[in-house]
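> Below is the sequence, then the predicted model.
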Amino acid sequence: MPKASGSTLSEAKRHRIEAIATMLDSRFAIPGTSIRFGVDGLLGLIPGIGDMVSASLSSYFFYEAHKIGARKRVYWKMLWNTLLDTSIGAIPVFGDVFDVWFKANKKNAALLLKELEHQQSDSDNAQNSTNKTANLVSL
């Protein structure tokens, strides 16, 4: 699986992941409160199909995880967040409140960003190791 390379690509990817998570989970605020919600919370108000549409939008994070070659544990955590959000979100009224509080897309974005950092540090460590080996061989 391809892995992200280059700081420009990583920064663009980070920005896109954060922007989509914000749009889905915390784009709007209730005036006079610190409560934030997004398109995901609004879609949850539509009986029947709202939570399914919301889950479909959340699949973007799985697409990005696949593109960067994320580890399986990242997929499993993201799947748990999305399933929990979708299943509890389907409960009338309580689910809508839960959806605004839980913010599964923000959690999944954080997992992806952490995975990108992990991959970059692995890449940096591999490069440093290669450089050290080359220096030893040249001695």
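In hand now; what should we look at?

> can you pull the contacts of residue 103?
By CB atoms under 8 Å, 6 or more residues apart in numbering, the contact set of residue 103 is 25-26. Quick note: C-beta positions are derived from backbone N, CA and C, even for glycine.

> pLDDT score assigned to it?
Model confidence at residue 103, given as pLDDT, is 97.

> For it, grab phi and psi.
Main-chain torsions, residue 103, degrees, to the nearest 10: phi 50, psi 60.

> Spatially central residue (nearest the centroid) of this structure, please.
residue 109 (2.1 Å; CA atoms, centre = their mean).

> which non-adjacent residue is nearest that one?
Sequence neighbours aside, residue 21 is the residue nearest to residue 109 in space, at 3.5 Å (criterion: CB to CB, 6 or more residues apart in numbering).

> element containing the one you found?
Residue 21 is located in helix 7-25, with elements delineated by DSSP states H and E.

> next one: residue 91
Using DSSP H and E, residue 91 falls outside every helix and strand.

> ok, now which ones touch it?
residue 98 are the contacts of residue 91 under CB under 8 Å, 6+ apart.

> what does the one 3 residues further on give?
Residues in contact with residue 94, defined by CB under 8 Å, 6+ apart, are residue 88.

> can you check residue 102 too?
Taking CB under 8 Å, 6+ apart, one finds 81, 84-85, 88 in contact with residue 102.

> re earlier: secondary structure class for the residue nearest to the centre of the chain?
helix (DSSP: H, G, I helix; E, B strand; the rest coil).

> Fine by me, we can end here.
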